[in-house]
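In: Provide a 3D model corresponding to the input given below.
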Amino acid sequence: MDKYIDIILNSYRGYFNYLKNEIIFPNWNNYFYGLLVISLVVWLLEIVFPWRKKQPIFRKDFWLDLFYLYFNFILLNLVLLIALSNITEQALNDFAAIFGLQLTSIKLYSISELPKPISLVLFFLIADFIQWNTHRLLHIVPFLWKIHKTHHSVKEMGFAAHFRYNWIEPIIYKTILYIPIILIGGFNLKDVFIVHFVSIAIGHLNHANLGWDYGYLKYIFNNPKMHIWHHSKKMPNKYGVNFGISLSLWDYLFKTNYIPADGRDIELGFNDENQFPASFLQQELYPFKK
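Out: Numbers count the residues shown, from 1 in each chain. Next up is the predicted model:
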């Protein structure tokens, strides 16, 4: 037990120092300023090329979503996810050791040994496919849907809505993603940084007030005109449509794509949204309420 307590303390201390250095000493591999730059660029695009002309620049819940953005990206990582990831890694190593194994010994194949462009594309595809399936689970499993409702409580779409999600949601994504990535991993921090920020940029654009679909690339990349239907209050089925995270490819392959018309002015939300709380703290606690 002392070993795990040390991991938690060292994780907090290490991440706090890492975050402090990121803020004080900007560089090209900087999460804090990287998120800031992406957010400002996409917000500027919203202002210059607004899809919903009547939607104000400071739309409904703009400041709540902005708080979610930095809370989930920075504070949640500091409080929970970094320590959780390190504990999970140690726990899996301890469990594997019972059988005389190490996590590295059960790796099926290290795609990081392939040429860099190929390995990064494969890593991006595999991670996105796993997250697409995880996203579907969030809509299908009742308790997971209670967690995911926070994200679907957005009534006016904008870039920061990308990060409006309950604190449990990234735990689910990371837990499901963790073991597959171990089996094909071997990536360094710079590789993960590249893939992660490509995903963030696409996610910001998907939620932005922009009427883009990227032409023929819409069959590969998720886009604002497709993702708006994922947030539609009226759905063609019980569980939803357009589950793509960065890629629309999986929705077209598995027939979960749905773009019946121009979604510029559709109503967003879900059927029992009047029972969903409006404040940040109540939204964070909502999944545990009867």
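In: from here on, just use CA atoms for contacts and neighbour counts.
Out: Noted.
In: give me the distance between the closest residue in space to residue 22 that isn't next to it in sequence and residue 19.
Out: If the residues on either side of it in the chain are set aside, residue 22 comes closest to residue 30, at 6.1 Å by C-alpha to C-alpha, 6 or more residues apart in numbering. According to C-alpha to C-alpha, to the nearest Å, residue 30 and residue 19 sit 9 Å apart.
In: same question, residue 238
Out: Separation of residue 238 from residue 19 (C-alpha to C-alpha) stands at 42 Å.
In: do residue 215 as well
Out: 39 Å.
In: show me which of these two is the more surrounded one.
Out: More neighbours surround residue 19 than the other of residue 215 and residue 19, with 16 against 7 (other C-alpha atoms under 10 Å).
In: now do that one, the pLDDT please.
Out: On pLDDT, residue 19 comes in at 74.
In: which ones are touching it?
Out: residue 32 (C-alpha atoms under 8 Å, 6 or more residues apart in numbering).
In: and it, what helix or strand is that in?
Out: Assigned by DSSP states H and E, residue 19 falls within helix 2-24.
In: how about that helix as PDB, C-alpha atoms only?
Out: What follows is helix 2-24 as a C-alpha-only set of coordinates in PDB (Å, rounded to 0.1, in the frame of the first residue of the first chain):
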ATOM      1  CA  ASP A   2       2.800   2.400   0.800                       C
ATOM      2  CA  LYS A   3       4.100   1.900  -2.800                       C
ATOM      3  CA  TYR A   4       0.800   3.100  -4.200                       C
ATOM      4  CA  ILE A   5       0.600   6.100  -1.800                       C
ATOM      5  CA  ASP A   6       4.100   7.100  -3.000                       C
ATOM      6  CA  ILE A   7       3.000   6.800  -6.600                       C
ATOM      7  CA  ILE A   8       0.100   9.200  -5.900                       C
ATOM      8  CA  LEU A   9       2.200  11.700  -4.100                       C
ATOM      9  CA  ASN A  10       5.000  11.600  -6.700                       C
ATOM     10  CA  SER A  11       2.400  11.900  -9.500                       C
ATOM     11  CA  TYR A  12       0.900  15.000  -8.000                       C
ATOM     12  CA  ARG A  13       4.300  16.500  -7.300                       C
ATOM     13  CA  GLY A  14       5.700  15.600 -10.700                       C
ATOM     14  CA  TYR A  15       2.700  16.900 -12.600                       C
ATOM     15  CA  PHE A  16       2.500  20.100 -10.600                       C
ATOM     16  CA  ASN A  17       6.100  20.900 -11.400                       C
ATOM     17  CA  TYR A  18       5.600  19.900 -15.100                       C
ATOM     18  CA  LEU A  19       2.600  22.200 -15.300                       C
ATOM     19  CA  LYS A  20       4.500  25.100 -13.600                       C
ATOM     20  CA  ASN A  21       7.300  24.700 -16.100                       C
ATOM     21  CA  GLU A  22       4.900  24.600 -19.000                       C
ATOM     22  CA  ILE A  23       3.400  27.900 -18.000                       C
ATOM     23  CA  ILE A  24       6.700  29.600 -17.200                       C
END
